[in-house]
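**Student:** Next one to model:
(chains A and B)
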Amino acid sequence: MLAVLFVLLSVFVPDFLGVRNMRGLILSVTLVGTIAPTMMLVLALREVDLSVGSTTALAGVLCAVVMASTNSILLGVGAGLTAGALVGLMNGFVVAKFKLNSLIVTLATMEIVRGLAFLVSGGEAVSIPVERFYVLGSGSFLGINYPIWIALICFVVFAIVLNRTVFGRNVLAIGGNPEAARLAGVPVNRVRVLVFVLQGLAAGVAGIVLASRITSGQPNTSQGLELAVISACVLGGVSLSGGIATITGVIVGVLIMGAAQNALNLLDVPTFYQFVVRGGILLAAVMFDRLRQSPGLLGAGFLRRRASASTPSKA
Amino acid sequence: MTPREEGALLSYSGVGKVFPGVVALDGVSFSVRPGEIRALMGENGAGKSTLLKILAGEYRPDSGGLTVAGEPVAFASPRDSAATGVSIIHQELHLAPDMSVAENLLLGAYPTRGGLLDKAAIRAKAAEILARLGEDIDPDTPVSALSIGKRQMIEIGKALLRDARIIAFDEPTSSLSARETQTLMRIIRDLAAEGRAILYVSHRMEEVFALCDSVTVLRDGRHVVDYPRMADLPEAQLISDMAGRAIADIYDYRARPLGDAVIAAEGLLGPGLSRPVDVTARKGEILGFFGLVGAGRSELFKLLYGAVSPTAGRVRLHGAVASVNSPRDGIAAGMALCPEDRKGEAIFPLASVRENIVVAPRNLGGRIKAFLNMGAEAKQADDLIALMRVKTASAATAIGSLSGGNQQKAVIARWLAAESDILLMDEPTRGIDVGARSEIYGHIYRLAESGKTVLFASSDMPEVMGVADRIVVMCEGAVAGIVSRDEATPDLLLRLALPDAAGSV
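**Tutor:** Sure thing, here's the model as predicted:
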């Protein structure tokens, strides 16, 4: 599907396949790409995390505030990561211990954490005075920007976690059947908490990289990021009912989102239309996926209508 | 295709169905006449469910077809099937638990007045159907308050309401008590007497012989034989037709020496138990737990295992008081649970057979590692699949696509991999065919002979009597008696298990 999309876009959209554009495209999805691998784990666990956008903002703001007052990159980055991990810990603890629906829990923390980001920054952007820190967002290694490297590392690390570790398989087991997992001796609560902590950490990393790119901490950034990340995962075939996830799927999902967005920009489509197109792509993708799984869905419906129209109703 | 039988209400003619890699049905033909109760028998995976799903309009046959009252039909959906007068009563019931009996009965066909629900008409119609069933149930009762047996009656009521001409029952008695089974059989006879065609799927021999007029036997998707009259058919003949081999004694009990006490409940009390439970099982022992549905066997197993917290009492393991507060504690102490509800509590349906087996050993307390040893896990799973004779295309096949018996064997394999020495098996043969059952009994004996302790719960009396060394009979959340193998008679066990008689023994 991604290949088809790329071929179509390279034919119909001028400059799409250019090296500059490709790099821009990939850079534009690094924020989503950094958070998507851990969101994949959350969804595979049959949970969801809506607080990642707010956490990204809080981590960036904290990073900026600490750096502004201490001039220490280490302390700034540490503060951002700690904030992310703590938000994740809180989400995981409440979900696991109180057996609450993660949609509601993270909806609440989404609001709380966004509020904290505004409180910490006093409601305004906090500029970062340490110029060496900007390298993280704008520098590159082997011609590839650091943010891209960081997203790549996230993908590789969590590909290994999902496929090669006991923890990763346990995530899929819990998502597949939580009670069976508990009775089979899977440490269900420990896995749940850890997944949310990892998700918080990833959002923290994303927030710090973003702060470096925009050279400041912005409390109102990344609104709606959580939905973009979830969309990318779903586009990549991660099941919202848990138990199914592949990292390649998520990479494809992230790139489809990025390619669509990029093409719309190149074609000068006004922003208002872009919302419609993005939602349309998500809806089409999940419907297509559903049809692929149960081809009878559409066919049976049509046939039924035809059959009931042609056979006279019995008394 | 074989010629259609004259006067048949339902005929399958040369029905074939292929799934990727598996021939589920291969040219199956048989007919059911009005007023006939025909048993459909075969091991799990023989093709019975596929036949029913074709009748229900869930699957379409790849070859051959159905005729209803002489007319060829091609069901494109369950709606078509229902409109033609077919009703299927499933093993798992499809009722909305929080809605009332009346609302469930008339679901999908609510009478309305002026566009609004006519509640009085719903109640009246429901009361009429319940009266026809001879059931004394208030139509306003929420379904969640009813026993499984009563809920089944509601399903049958729905079929009556639609005036179904063809009713198929898929293992209807697997969760019913003896008394509820009697009621159900009486109603099925009445339904047949009114000229309906009944198709009856069950593994329980006694039931099939008591109820059915005729039988069609399937094996590996093929039609093996038809017997038009059950009355003069020897049971052993039917079993060997199903299994394709003669099974002399499916239990094949072997006595063995017993060791010291391994697990003991002392005054154990918790949810689902009404009186403190004291039982002890020894090394190498197969301790049976018999009782009607809801007697507290599953609850006791879950208390022992640590899946549920006790409110009083304690568990002793090898003589020492153990603190078992979670399934992980139970597993660390050497216990294993094969839960009764296979689909809900035991398997990961989308995951492979291999994943379903290795999930337990890889999470064992002391040995837990960060990274998987994929080679070793694959080998372990392959060995156990071979040992347990799990019939699966490969270790990578999703377990959800296997038959119930093979799923159960994989669940037992999981605990062999974990090297557990106390196995709590809750209805391990429920919904499993004769061939696979006798294999599972063989595994249970081998486990016991190798020094493991097996706690074995079952509501199938011949099975408990055939397999266990001693039998704990439970009734309404309490131990009603403990009977040795030699003392056990059907009369005694039933007398202990029935609520009314429990106090008098």
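**Student:** Assign B:V15 to helix, strand or coil.
**Tutor:** Under DSSP: H, G, I helix; E, B strand; the rest coil, the three-state class of B:V15 is strand.
**Student:** show me the contacts for it.
**Tutor:** B:25, B:27-29, B:51, B:54, B:61, B:63-66 (CB atoms under 8 Å, 6 or more residues apart in numbering or on different chains). All C-beta spots, glycine's among them, are computed from the backbone N, C-alpha and C.
**Student:** 10 Å instead, please
**Tutor:** B:1, B:25-30, B:47, B:50-51, B:54-55, B:61-66, B:221, B:223 (CB atoms under 10 Å, 6 or more residues apart in numbering or on different chains).
**Student:** swap in A:N265?
**Tutor:** Going by CB under 10 Å, 6+ apart, A:N265 touches A:13, A:21, A:24-25, A:28, A:271, A:274.
**Student:** domains of the chain?
**Tutor:** Assuming you mean chain A. For chain A, the structural domains run A:2-266, A:269-310, going by automatic domain parsing.
**Student:** Please refer instead to chain B.
**Tutor:** Following automatic domain parsing, one gets these domains for chain B: B:10-243, B:261-504.
**Student:** what's the most buried one of the domains of chain A?
**Tutor:** domain A:2-266 (a mean of 21; mean count of other CB atoms under 10 Å in any protein chain shown).
**Student:** Format the domains of chain A as a markdown table; extra columns: mean pLDDT and distance to B:I187.
**Tutor:** As requested, the domains of chain A are exported to a markdown table (pLDDT from 0 to 100; distance: least, CB to CB, whole Å):
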| stretch | mean pLDDT | distance to B:I187 |
| --- | --- | --- |
| domain A:2-266 | 89 | 34 |
| domain A:269-310 | 67 | 32 |
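**Student:** Work out the gap between the helix or strand that contains B:A336 and the centre of the chain.
**Tutor:** If you go by DSSP states H and E, B:A336 is part of strand B:335-338. Distance of strand B:335-338 from its chain centroid, counting by CA atoms, centre = their mean, to the nearest Å, is 19 Å.
**Student:** now stretch B:292-307
**Tutor:** What separates the centre of stretch B:292-307 from the centre of its chain is 17 Å, taken as CA atoms, centre = their mean.
**Student:** pLDDT of it, averaged?
**Tutor:** If you average the pLDDT over stretch B:292-307, you get 88.
**Student:** quick one, what contacts B:V68?
**Tutor:** Per CB under 10 Å, 6+ apart, neighbours of B:V68: B:8-11, B:55, B:75, B:81, B:84-86, B:165-166, B:197.
**Student:** cutoff 7 Å now
**Tutor:** Going by CB atoms under 7 Å, 6 or more residues apart in numbering or on different chains, B:V68 touches B:9-10, B:84, B:166.
**Student:** mind checking the backbone torsions on it?
**Tutor:** Phi and psi for B:V68, reported as degrees, to the nearest 10, are phi -120, psi 120.
**Student:** Tell me the pLDDT of it.
**Tutor:** Confidence at B:V68, expressed as pLDDT, is 91.
**Student:** separation between it and chain A?
**Tutor:** 11 Å (CB to the nearest CB, to the nearest Å).
**Student:** picking that back up, any chance of the contacts of A:N265 in JSON lines, with secondary structure and distance to chain B too?
**Tutor:** Shown next, in JSON lines, are the contacts of A:N265 (DSSP: H, G, I helix; E, B strand; the rest coil; distance: CB to the nearest CB, whole Å):
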{"residue": "A:V13", "secondary structure": "coil", "distance to chain B": "38"}
{"residue": "A:N21", "secondary structure": "helix", "distance to chain B": "39"}
{"residue": "A:G24", "secondary structure": "helix", "distance to chain B": "37"}
{"residue": "A:L25", "secondary structure": "helix", "distance to chain B": "33"}
{"residue": "A:S28", "secondary structure": "helix", "distance to chain B": "34"}
{"residue": "A:T271", "secondary structure": "helix", "distance to chain B": "39"}
{"residue": "A:Q274", "secondary structure": "helix", "distance to chain B": "35"}
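**Student:** from those, which two are the most distant?
**Tutor:** A:N21 and A:T271 (19.0 Å; CB to CB).
**Student:** Am I right that B:L455 is in contact with B:D421?
**Tutor:** No - if you go by CB atoms under 7 Å, B:L455 and B:D421 don't touch, sitting 11.9 Å apart.
**Student:** how near is B:D136 to B:D486?
**Tutor:** 42 Å (CB to CB, to the nearest Å).
**Student:** tell me the centre residue of chain A?
**Tutor:** The centre of chain A sits closest to A:V229, judged by CA atoms, centre = their mean, with a distance of 2.6 Å.
**Student:** and that residue, what are its phi and psi?
**Tutor:** Per-residue torsions, A:V229: phi -70, psi -50 (degrees, to the nearest 10).
**Student:** Repeat that for A:V13.
**Tutor:** Note on A:V13: backbone dihedrals following degrees, to the nearest 10 are phi -110, psi 110.
**Student:** any idea whether the spatially closest residue to B:G14 that is not a sequence neighbour is helix, strand or coil?
**Tutor:** Among residues not flanking B:G14 along the chain, B:G64 sits closest, at 3.4 Å (CB to CB, 6 or more residues apart in numbering or on different chains). Assigned by three-state DSSP, the conformation of B:G64 is strand.
**Student:** what sits against B:G64?
**Tutor:** B:1, B:13-16, B:27.
**Student:** Redo those as JSON lines? Include pLDDT.
**Tutor:** Listed next are the contacts of B:G64 as JSON lines, based on pLDDT from 0 to 100:
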{"residue": "B:M1", "pLDDT": "39"}
{"residue": "B:S13", "pLDDT": "91"}
{"residue": "B:G14", "pLDDT": "92"}
{"residue": "B:V15", "pLDDT": "92"}
{"residue": "B:G16", "pLDDT": "92"}
{"residue": "B:G27", "pLDDT": "89"}
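**Student:** Can you tell me which of those residues are buried?
**Tutor:** By the neighbour-count criterion of 16 or more other CB atoms under 10 Å in any protein chain shown, those include these buried positions: B:13-16, B:27.
**Student:** what pLDDT does the residue lying farthest from the centre of chain B get?
**Tutor:** Distance from the centre of chain B peaks at B:G114, with 45.0 Å (CA atoms, centre = their mean). At B:G114, the pLDDT value in this model is 77.
**Student:** list the helices and strands the strand holding B:A336 packs on?
**Tutor:** When contacts are defined as 3 or more CB pairs under 7 Å, 6 or more residues apart in numbering or on different chains; DSSP states H and E, strand B:335-338 packs onto helix B:297-305, helix B:404-417, strand B:422-426.
**Student:** In TSV, list these along with distance to chain A.
**Tutor:** As requested, those are exported to TSV (distance: least, CB to the nearest CB, whole Å):
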stretch	distance to chain A
helix B:297-305	8
helix B:404-417	7
strand B:422-426	10
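**Student:** What residues does the stretch 51-200 of chain A have near chain B?
**Tutor:** Within the stretch 51-200 of chain A, the positions adjacent to chain B are A:164-166, A:169-170, A:172-173, A:176-177, A:179-180, A:182-187 by CB under 7 Å from any CB of the partner chain.
**Student:** try 8 Å this time
**Tutor:** A:164-167, A:169-170, A:172-173, A:176-177, A:179-187 (CB under 8 Å from any CB of the partner chain).
**Student:** got the contact list for the residue of the stretch 1-150 of chain A found nearest chain B?
**Tutor:** The minimum distance from the stretch 1-150 of chain A to chain B, using CB to the nearest CB, falls at A:A44 (11.0 Å). Taking CB under 8 Å, 6+ apart, we find A:A44 in contact with A:162, A:171-172, A:175, A:238-239, A:242-245.
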